[in-house]
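*Asks:* The sequence and its predicted three-dimensional model are supplied below.
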Amino acid sequence: TGGSLGGLTPAGLAAAPSSQLPAGANVVQVTVSSPKKVRGNCASSEGSPPPAMQAATGSTTPPQRAPPQFLVARPGSHLPQITATAKAGAPQMAAQQHGYPVGAAKSGASLMRPSVVSGGVTGRCQHFAQAPSLVPNLIGGGGLEMLELHLGAENTFTPTRPALRAQLLEKLQRPQTSNIAAMQGFRGGLNEGVWFVTCPGLEDLVLKLVRCRRIAPNILTEAENFQKLFQEHSAAFRDPMLALPFKIFSCVGRGGMKVNDLIVMRRVPGERLAEWIARKWHTSQLAHIWQLFERLGARLAEYHCRYGDVQHGDFQPSNIFYDEETDDLCFIDMGGMGVPTTETDIEHFVKSLNLLSQSYDQQAAVEGELHFKQGYQRARGR
């Protein structure tokens, strides 16, 4: 933007040596999923490239649909056998051909294409059916990468140990000067540890250590469920409304035995909805609470419409983040997404409101349920 790149075409940019690019430049591949009007200088209303792009590429062909994405697994990683068609030939070339970030697949890695799940989306749900347009620099590019982390003789994940810390930061592609700090206070009932990785100028990351053994033969671990979700709903991993991982490490201890899974996600801005409600309640800003509850109901309806009524699995105020500065809502703790439960997300949220009302009053739960359901039903046209 704002300068010449020596007449290189987009295809040439991908293959260009770094010496031909301006200092600090990054090459990013951007695809447009449909030929409808995009704000700014991206595509005209007819779907043809704008004049500036035509001049650069010499093409008036409308943008094509985004290519499929692939799950990338390192050689030898503890990846359960999910319906996977490994691309024959060099994985590096296959990854680039299919739009995966350049350099993501190393020699010997396997590429797994997610299956396409189609559902009958009708009525008001139609405009929610596709994931929204996303910024091209979303961490992980909307993919899911499976890696191994070697714990060494201690056989436990202790990121303060120099050797493990160096290995972890290298695989996270973060500078060795980055800070890794354990989360204080409540970290979730099923987590064995939560850490934040911070570095000035880079987006914060969350590391969540979870068990890697199934509690029953037919119940997937959290890491296995994320892999299954990527196969069935790969678009969800590009959705900024959902805090889904972009890397999962198999933590391998002595004798090559897997000890834990380490799930890596971007850190969601804002605060837990439960804490936001408490602040607003104690300052008598009830109108703000009810207004946000209606928006939350609409966002849940959007989520259900987009992913074929797949349930979150633990939809309650502690698993929802709200950024008051940007007015954005984000669903976290997605490890149970799609896992069969005895309650719907709406029922579970209403039950959590009744528990919260013990700290306030019963009328709060009644009002909250009313506004939440109004937002949900309005968004689904009911």
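*Replies:* Cool, the structure landed.
*Asks:* average pLDDT for the longest strand seen in the chain?
*Replies:* Using DSSP state E to define each element, the chain has its longest strand at strand 258-266. Averaged over strand 258-266, pLDDT sits at 97.
*Asks:* now stretch 213-225
*Replies:* 94.
*Asks:* With just CA atoms, put that stretch into CSV.
*Replies:* This file holds the C-alpha atoms of stretch 213-225, laid out as CSV (Å, rounded to 0.1, in the frame of the first residue of the first chain):
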residue,chain,number,x,y,z
ARG,A,213,-7.0,-39.0,28.5
ARG,A,214,-10.6,-39.7,27.7
ILE,A,215,-12.9,-40.0,30.8
ALA,A,216,-14.9,-42.6,28.8
PRO,A,217,-14.2,-44.4,25.5
ASN,A,218,-16.9,-42.5,23.7
ILE,A,219,-16.1,-39.0,25.1
LEU,A,220,-13.5,-37.1,23.2
THR,A,221,-10.8,-35.1,25.0
GLU,A,222,-11.0,-31.3,24.5
ALA,A,223,-8.1,-31.4,22.0
GLU,A,224,-9.8,-34.2,20.1
ASN,A,225,-13.0,-32.3,20.0
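*Asks:* How about that stretch, which residues are buried there?
*Replies:* For stretch 213-225, the neighbour count (16 or more other CB atoms under 10 Å) marks 220, 221, 222, 223, 224, 225 as buried. Heads up, the C-betas are built off the backbone N, CA and C, glycines and all.
*Asks:* part of a helix, is the fifth one?
*Replies:* Yes. Membership of residue 224 in a helix is supported by DSSP: H, G, I helix; E, B strand; the rest coil.
*Asks:* Return the distance of it relative to residue 215.
*Replies:* Residue 224 sits 12 Å away from residue 215, going by CB to CB, to the nearest Å.
*Asks:* Would you map the helices across the stretch 201-350 of the chain?
*Replies:* Assigned by DSSP state H, counting those that start in this stretch, the helices in the stretch 201-350 of the chain fall at 222-232, 273-282, 286-306, 345-356.
*Asks:* just so I know, which of these lies nearest residue 329?
*Replies:* Minimum separation from residue 329 across the helices of the stretch 201-350 of the chain (CB to CB) falls at helix 286-306, 5.1 Å.
*Asks:* now for the closest one, which elements pack on it?
*Replies:* Helices and strands touching helix 286-306, by 3 or more CB pairs under 8 Å, 6 or more residues apart in numbering; DSSP states H and E, are helix 273-282, strand 328-331, helix 345-356, helix 362-379.
*Asks:* what's it in contact with?
*Replies:* 121, 124-125, 128-131, 235-236, 239, 241-242, 273, 276-277, 280-281, 310-312, 315, 320, 322, 329, 331, 345-346, 349, 367-368, 371-380 (CB atoms under 8 Å, 6 or more residues apart in numbering).
*Asks:* now do 7 Å
*Replies:* With contact meaning CB atoms under 7 Å, 6 or more residues apart in numbering, helix 286-306 is reached by 121, 125, 128-129, 131, 241, 277, 280-281, 315, 320, 322, 329, 331, 345, 367-368, 371-376, 378-380.
*Asks:* That helix: which residues count as buried?
*Replies:* 288-290, 292-306.
*Asks:* Next: stretch 167-181.
*Replies:* By neighbour count on 16+ other CB under 10 Å, the buried set for stretch 167-181 is 167, 168, 169, 171, 172, 174, 178, 180.
*Asks:* Also stretch 256-275?
*Replies:* Going by neighbour count (16+ other CB under 10 Å), the buried part of stretch 256-275 is 259-266, 268, 270, 272-274.
*Asks:* give me the low-pLDDT residue ranges for this structure?
*Replies:* 1-142, 186-190 (pLDDT under 70).
*Asks:* if you set the cut-off to 90 instead, what comes out?
*Replies:* 1-143, 153-154, 184-191, 340, 356-365, 381-382 (pLDDT under 90).
*Asks:* Distance of the residue nearest to residue 199 when sequence neighbours are not counted relative to residue 197?
*Replies:* Using CB to CB, 6 or more residues apart in numbering and skipping residues adjacent in sequence, the residue nearest residue 199 is residue 178, 4.1 Å away. Plainly put, residue 178 is 6 Å away from residue 197 if you go by CB to CB.
*Asks:* And for residue 362, the neighbour number?
*Replies:* Applying other CB atoms under 10 Å, we find 10 other residues in the vicinity of residue 362.
*Asks:* Mind checking which of the buried residues of stretch 167-181 land in helices?
*Replies:* Using DSSP state H, 167, 168, 169, 171 are the members of these that sit in helices.
*Asks:* dump the residue contacts of the second one.
*Replies:* Same thing as residue 168. If a contact means CB under 7 Å, 6+ apart, then residue 168 has 149, 159 as its contacts.
*Asks:* Distance check, it against residue 238.
*Replies:* 25 Å.
*Asks:* now the third one
*Replies:* In this structure, residue 169 lies at 25 Å from residue 238, with CB to CB as the measure.
*Asks:* With adjacent residues omitted, what lies nearest to residue 153?
*Replies:* Closest residue in space to residue 153, ignoring its immediate chain neighbours: residue 254 at 6.9 Å, by CB to CB, 6+ apart.
*Asks:* wait, the one you found sits on residue 154?
*Replies:* No. Counting by CB atoms under 7 Å, residue 254 sits too far from residue 154 to count as a contact (9.1 Å).
*Asks:* List the contacts of the nearest residue to residue 214 once chain neighbours are set aside.
*Replies:* Excluding the flanking residues, the one nearest residue 214 by CB to CB, 6+ apart is residue 221, at 5.7 Å. Listed by CB under 7 Å, 6+ apart, the contact partners of residue 221 are 211, 212, 213, 214, 261.
*Asks:* Can you pick out the most distant pair from those residues?
*Replies:* 214 and 261 (11.7 Å).
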